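Engineer: quick one, structure for this:
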Amino acid sequence: MSFKRFNLSEPILKALHEKGYHQPTPVQKEAIPQIISRKDIIGSAQTGTGKTAAFCIPILQLLQQGRRRRGIKALILTPTRELAAQVCDNLNFYGKYLPLRNTQIFGGVSQNAQVQQIRQGVDILVATPGRLLDLMGQGIINLKSLEILVLDEADRMLDMGFIHDIKKVIAASPAKRQDIFFSATMPKGVQKLVMSIMRNPVKVHVEGTSDAKADIHQFVYHVEKRSKHALLKHIISEKEMKNVLVFSRTKHGANRIAKNLNRSGIKAEAIHGDKSQHARQRALHNFKMNSTRVLVATDIAARGIDINNLPYVINFELPETPETYTHRIGRTGRAGATGSAFSLCDVSERGYLKRINRRTSRKLATVEHPFCQRITADKQLPVQKSNR
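Structural biologist: Residues are numbered from 1 along each chain as shown. The predicted structure follows:
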């Protein structure tokens, strides 16, 4: 099946061809025709499956067919600045041959350039909730012309406490609109909340999105908490990793990990919500250009990190939920490539590990290492010796 089957316009097909997109992914195959049919959508698909294109492409198709009138016609809400930038980049590429204008707004930077863009006229606005409500309060933005509302990473948006902001945006939007909520994970509690906001949505779910992908090799290192920094350095050095994303549970932890790695001669930078937008963009650019060997990120900041050729992910701490684990390791093994995910587990995190093992189709392989002499690992887990 090709994208031509969706009856997309020639300008969009031309852009997709230039991007090297010839056949839609499963989530795109399900979502695109439903969105073009003006259906409300609640979608769940693992990161790296093409869900951003799954809503960007049909939105561009719908808006180019509509009446040319001033005002914001589509609003895409994201939880982070990085994700806003990623979505906007996608819109720019897929819509490069269309007479539609889009822009992004987010906090942490001066609003002046963003306000200027809005006043020049915008068809599609990509925004984080805080800056959007701020500019709405100033009378710079109104949503009277809104036709389509998208929540990207809906689970994280609601989990981060954005529900009240989202309700304010909905209250300021026309009652007659199309709602599209997409997320890498969609826990039942969040589904319930989303369903109360939407009107008879079509569920788009790609099978297997809740489990870890088969093309990602997964390992766990049992270690004392105090030895985690030394073990992290050992793993990166032993495997000669040149491009690795390390997840930290906290902002302070991310800073500390990066600092310790730099002291060891491994160039690393941290990215999280307390960093300025300029610092975050610089760190991400350096990582993509391979001038930084390790990028240390919190879960929130990692939303929007889009790197196709990322071979390694390391969980410095195990996440509390299997869904977050799946989202983290989904940063590697994209576009048909294989990847490796390593998790450092201390005794306090054994419960998290058990939940992850139950959720995945196979148990994480336990790896022996120089720091595990005093650690008693779960004997039921397979052991793989570490080879250089």
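
Engineer: tell me the pLDDT of Pro26.
Structural biologist: Looking at Pro26, its pLDDT stands at 90.

Engineer: nearest residue to it in space, ignoring adjacent ones along the chain?
Structural biologist: Nearest non-adjacent residue to Pro26, counting by Cβ to Cβ, 6 or more residues apart in numbering: Val206, 4.8 Å away. Every residue, glycine included, has its C-beta placed from N, CA and C.

Engineer: OK, contacts around that neighbour?
Structural biologist: 26-27, 30, 44-46, 49 (Cβ atoms under 8 Å, 6 or more residues apart in numbering).

Engineer: which of the residues you listed sit farthest apart?
Structural biologist: The largest separation in the contacts of Val206, counting by Cβ to Cβ, is between Glu30 and Gln46 at 13.8 Å.

Engineer: in stretch 360-372, which residues are buried?
Structural biologist: Using 16 or more other Cβ atoms under 10 Å as the test for burial, stretch 360-372 gives 360, 363-364, 366-367, 369, 371-372.

Engineer: how about stretch 255-266?
Structural biologist: Here stretch 255-266 shows 255-258, 260-261, 266 as buried, counting by 16+ other Cβ under 10 Å.

Engineer: for the nearest residue to Ser227 once chain neighbours are set aside, give me the pLDDT.
Structural biologist: Of all residues not flanking Ser227 in the chain, Phe371 sits nearest, at 4.4 Å (Cβ to Cβ, 6+ apart). pLDDT recorded at Phe371 is 78.

Engineer: buried set for stretch 200-208?
Structural biologist: Those would be 201, 204, 206, for stretch 200-208 by 16+ other Cβ under 10 Å.

Engineer: residue contacts, Ala15?
Structural biologist: With the criterion set at Cβ under 8 Å, 6+ apart, Ala15 makes contact with 93-97.

Engineer: where do the strands of the stretch 251-388 of the chain begin and end?
Structural biologist: Secondary structure of the stretch 251-388 of the chain by DSSP state E, counting those that start in this stretch: the strands cover 268-271, 294-297, 312-315, 339-345, 365-367, 383-384.

Engineer: Ser227: which of those is closest?
Structural biologist: strand 339-345 (9.0 Å).

Engineer: the closest one - what's its average pLDDT?
Structural biologist: The model assigns strand 339-345 a mean pLDDT of 94.

Engineer: and stretch 56-76, by the same measure?
Structural biologist: On average, stretch 56-76 scores 88.

Engineer: same check, this time on stretch 1-20
Structural biologist: Rounded mean pLDDT across stretch 1-20 is 92.

Engineer: kindly export that stretch (C-alpha atoms) in CSV.
Structural biologist: Output of stretch 1-20 as CSV, limited to C-alpha atoms (Å, rounded to 0.1, in the frame of the first residue of the first chain):
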residue,chain,number,x,y,z
MET,A,1,0.0,0.0,0.0
SER,A,2,1.4,3.4,-1.0
PHE,A,3,0.5,6.9,0.3
LYS,A,4,-1.4,7.5,-3.0
ARG,A,5,-4.2,5.2,-1.7
PHE,A,6,-5.2,8.0,0.7
ASN,A,7,-5.9,10.4,-2.3
LEU,A,8,-3.3,12.9,-0.9
SER,A,9,-2.6,16.0,-3.0
GLU,A,10,0.4,16.0,-5.3
PRO,A,11,2.3,18.6,-3.3
ILE,A,12,2.1,16.3,-0.2
LEU,A,13,3.0,13.2,-2.2
LYS,A,14,6.0,15.0,-3.7
ALA,A,15,7.3,16.0,-0.3
LEU,A,16,6.8,12.4,1.1
HIS,A,17,8.7,11.1,-1.9
GLU,A,18,11.6,13.4,-1.3
LYS,A,19,11.6,12.3,2.3
GLY,A,20,11.9,8.7,1.2
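
Engineer: quick check: buried residues in that stretch?
Structural biologist: Judged by neighbour count (16+ other Cβ under 10 Å), stretch 1-20 contains these buried residues: 3, 6, 8, 11-13, 15-16.

Engineer: let's have those in JSON lines, adding secondary structure and distance to Ser145.
Structural biologist: Shown next, in JSON lines, are the buried residues of stretch 1-20 (DSSP: H, G, I helix; E, B strand; the rest coil; distance: Cβ to Cβ, whole Å):
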{"residue": "Phe3", "secondary structure": "helix", "distance to Ser145": "28"}
{"residue": "Phe6", "secondary structure": "helix", "distance to Ser145": "25"}
{"residue": "Leu8", "secondary structure": "coil", "distance to Ser145": "24"}
{"residue": "Pro11", "secondary structure": "helix", "distance to Ser145": "22"}
{"residue": "Ile12", "secondary structure": "helix", "distance to Ser145": "22"}
{"residue": "Leu13", "secondary structure": "helix", "distance to Ser145": "27"}
{"residue": "Ala15", "secondary structure": "helix", "distance to Ser145": "25"}
{"residue": "Leu16", "secondary structure": "helix", "distance to Ser145": "27"}
